[in-house]
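*Asks:* sequence? don't have it. structure:
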Ligand SMILES: O=c1ccn([C@H]2C[C@H](O)[C@@H](COP(=O)(O)OP(=O)(O)OP(=O)(O)O)O2)c(=O)[nH]1
Ligand SMILES: [Mg+2]
């Protein structure tokens, strides 16, 4: 398996911190680092800088996902998960972290890995208005219409 499929231009606004990096071959998410020390009180959120700007090729999007280890250990997540970085965006990538723990503050140090960036191709749709949609087996059922577990 090649170790990459695509080149993405990156500017490091904070040259002492690393580029996004994949921890293992085959990983989908490249880790992003905080450029600042911060403490998030229970329930608190903060827009955290990563020190990176990128130029995605047309037809690609980068999605900012939480890291499951931080979520499991500290209740740390992302308010707008997954965050959407558009191909035309040239500003700094930021992460809207939130501490969901009811009691414990979360301490983060400059350089800590706080989120992961997943780069994907996407389709740009044309929304074609119609009067009636084609039928489907599911129909309008949703929001738990199929029940949970073995119970119908
Ligand atoms: O987690 C995120 C989400 C977004 N962005 C940047 C890149 C994205 O291209 C831009 C706009 O994001 P989005 O479209 O989600 O925000 P909006 O509230 O719709 O703002 P806008 O009106 O600028 O599109 O902000 C980030 O750096 N991190
Ligand atoms: Mg937008």
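*Replies:* Perfect, thanks for sending it. Note that the coordinates shown come from a computational prediction; the quantities given were computed from them, not determined experimentally. Ligands and ions are numbered 1, 2, ... in the order given.
*Asks:* could you point out the longest strand in the protein?
*Replies:* Counting by DSSP state E, the longest strand found in the chain is strand 113-121.
*Asks:* That strand: partners in the sheet, and parallel or antiparallel?
*Replies:* With DSSP bridges as the test, strand 113-121 is paired with strand 29-33 (antiparallel), strand 60-65 (antiparallel).
*Asks:* This structure: helices as residue ranges?
*Replies:* Listed in chain order, the helices of the chain (DSSP state H) span 68-74.
*Asks:* Make CSV from the strands paired with strand 113-121 and add mean neighbour count, distance to residue 107 and mean pLDDT to it.
*Replies:* Heads up, the C-betas are built off the backbone N, CA and C, glycines and all. Formatted as CSV, the strands paired with strand 113-121 follow (neighbours: other Cβ atoms under 10 Å; distance: least, Cβ to Cβ, whole Å; pLDDT from 0 to 100):
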stretch, mean neighbour count, distance to residue 107, mean pLDDT
strand 29-33, 22, 15, 98
strand 60-65, 19, 21, 98
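*Asks:* Now distance to ligand 1 too, for these, in CSV please.
*Replies:* Output for these, formatted as CSV (distance: least, Cβ to the nearest ligand atom, whole Å):
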stretch, distance to ligand 1
strand 29-33, 10
strand 60-65, 4
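*Asks:* picking up where we left off before, determine if any part of the longest strand of the chain is in contact with ligand 1.
*Replies:* No - using Cβ under 6 Å from any ligand atom, strand 113-121 stays clear of ligand 1, coming no nearer than 8.1 Å.
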